[in-house]
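Chemist: Okay, predicted coordinates and the sequence, questions at the end:
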Amino acid sequence: MIHSYKLGGYNIVLDTASASVHCVDDIAYDAINAYKTGPREKLVRDICEKYGIDKSEAEECLNDIAALESEGKLFSEDDYKPNLDFLEKRAPVIKALCLHVAHTCNLNCEYCFAAQGKYHGERALMSFEVGKRALDFLIESSGNRHNLEVDFFGGEPLMNFEVVKRLVAYAREREKECGKHFRFTLTTNGMLLDDEVTDFANREMDNVVLSLDGRKEVNDRFRKTVGGVGSYDTIVPKFQKFVKARGDKSYYMRGTFTHFNTDFTEDIRTMLELGFDQLSMEPVVCPPGDAYALTDEDLPILFEQYEKLANMMRKRRDEGKPFTFYHYMLDLEGGPCVYKRISGCGSGTEYVAVTPTGELYPCHQFVGNPKYLLGDIYDGIKRKDITDEFKKCNVYSRKECDSCWAKLYCSGGCAANAYNATGNISGVYKYGCELFKKRMECAIMLKVDEMMSSAENV
Amino acid sequence: MKRIVTMKTRDLKASAKNGGCGECQTSCQSACKTSCGVANQKCENKAK
């Protein structure tokens, strides 16, 4: 399967199964799109008539297409399905935890999927003993995996900072004796960021996700204290100080956009003006009836915004002021193998969420849903039927994905989004697919632009 | 090729032979937390 599109002044052709990317001129673009539609003689004639070129030139173009086909870089077959056997037989391991150290929050954001941090349950803080057992459970369940990931999440994890510090110290002790490597991350709203947290996070956290929605009026519409005061004025100076101290280490300034700020590139612009350059901006996750839910009418606006964002990135790069956007980060040469691309995100299989009392769920977005309670950190996973369901949730489990060019970029999509949209983790959240495909088109265009610009500069 | 520039990309078919070590990052962990994208993950297979 191929996917061809025009964006940013480029004609781009993607070969789905090989994940090859081609930048082509108008003649090759038409020729590739028509290549499988009729006899070669007709194709040559059509190209010559449309573009006024010699027959030999048209033939040369078609020969190049044929060469790429024989190299497996155009019209290649998706024959990866048998590789699922390997994944099914691979020993089950858990290598990543979303550690909910605080089911409570010092902000009261209306759009929060975690219901103001409580996940529809009681307010709670994880004790050190529960966290310690969770880390032991992770080590015990991780088989021969070396890299283990733990994200301190909430609610607001810094409301339980002492436990976070003790857990990191404990993990550092254990990783030496177990031959493991812990990668810690922290997702915070910034309200409790201070010098001590900054020093600690910059020393111990591989990545930090900082929540800010962009413009003050946009941020403060939802991200308010319990008393109803917007958080912008409190968190922005803290974030600026934090990021300055962080140096070269990774972070994401992560925002959420809703129906009320579909012009989210303005929020990206604000983040840049504030001095942040590693950015992520996500569509809100909420029931479709909510006032701030994204609508079908928003979709073309969002598409335009994603294109605008890509152009902002090109411009800033050329001006020597580059920034990164999470969804436009693609590693075409050193990216994931085909197993990763067909097996999905790992939720409910390699990745689980742990509540403050030690319950296990397939991922943070399922926490609080009794239907998806897997077990606990003491007795392990009891509901193999649920983990089996997640294991089967892959790029080949949805018929809608069969004909989708982007399937090896998203590996079938987010199970939680599918569940929220369709009531089934193997369903398809079509709205999310549309946004994802647009983002991939933009991300690949940026890669093509990078290549073509550097070729021009040689 | 005169009319086609092909980018350098990982050979996915070859990756079926020596991939699947599982050392790479779990997809949305520590990033968006709301969607599944795998193409931006770095491969961490030391044996590839």
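Modeler: Good, I have the coordinates.

Chemist: which residues of the stretch 51-200 of chain A fall in strands?
Modeler: A:96-103, A:124-125, A:147-154, A:181-188 (DSSP state E, counting those that start in this stretch).

Chemist: Switch the ones you listed over to a markdown table; also include mean neighbour count and mean pLDDT.
Modeler: Glycine gets a C-beta too; all of them are placed from N, C-alpha and C. Formatted as a markdown table, the strands of the stretch 51-200 of chain A follow (neighbours: other CB atoms under 10 Å in any protein chain shown; pLDDT from 0 to 100):
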| stretch | mean neighbour count | mean pLDDT |
| --- | --- | --- |
| strand A:96-103 | 28 | 97 |
| strand A:124-125 | 19 | 97 |
| strand A:147-154 | 26 | 95 |
| strand A:181-188 | 22 | 96 |
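
Chemist: Present the ones you listed as TSV; the columns should include distance to chain B.
Modeler: Putting the strands of the stretch 51-200 of chain A into TSV (distance: least, CB to the nearest CB, whole Å) gives the following:
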stretch	distance to chain B
strand A:96-103	4
strand A:124-125	20
strand A:147-154	5
strand A:181-188	4
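
Chemist: Dump those into CSV; add distance to A:L309 as well.
Modeler: Shown next, in CSV, are the strands of the stretch 51-200 of chain A (distance: least, CB to CB, whole Å):
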stretch, distance to A:L309
strand A:96-103, 28
strand A:124-125, 38
strand A:147-154, 26
strand A:181-188, 23
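
Chemist: Out of those strands, flag the one nearest A:L62.
Modeler: strand A:147-154 (46.6 Å; CB to CB).

Chemist: what's the closest non-adjacent residue to the residue in chain B that chain A sits nearest to?
Modeler: Closest approach between chain B and chain A, counting by CB to the nearest CB: B:G19, at 2.8 Å. Closest residue to B:G19 apart from its sequence neighbours, by CB to CB, 6 or more residues apart in numbering or on different chains: A:C337 at 2.8 Å.

Chemist: For the one residue in chain A that gets nearest to chain B, the count of nearby residues, please.
Modeler: For chain A and chain B, the shortest gap (CB to the nearest CB) falls at A:C337, measuring 2.8 Å. A total of 26 residues lie near A:C337 under the criterion other CB atoms under 10 Å in any protein chain shown.

Chemist: Next up, the contacts around it.
Modeler: B:R10, B:L12, B:S15, B:A16, B:N18, B:G19, B:G20, B:C43, B:N45, B:K48 (CB atoms under 8 Å, 6 or more residues apart in numbering or on different chains).

Chemist: Repeat the analysis, applying 7 Å as the threshold.
Modeler: Contacts for A:C337 (CB atoms under 7 Å, 6 or more residues apart in numbering or on different chains) come out as B:S15, B:G19, B:G20, B:C43, B:N45.

Chemist: try A:V130
Modeler: A:P356, A:T357, A:G358.

Chemist: dump the residue contacts of the last one.
Modeler: With contacts defined as CB under 7 Å, 6+ apart, A:G358 is in contact with A:V130, A:R133, A:A134, A:D376, A:I377, A:Y378.

Chemist: nearest to A:Y29, of these?
Modeler: Closest approach between the contacts of A:G358 and A:Y29, by CB to CB: A:A134, at 52.7 Å.

Chemist: Would you agree that closest one is in contact with A:L99?
Modeler: Yes: in this structure A:A134 lies within contact range of A:L99 using CB atoms under 7 Å: 6.1 Å.
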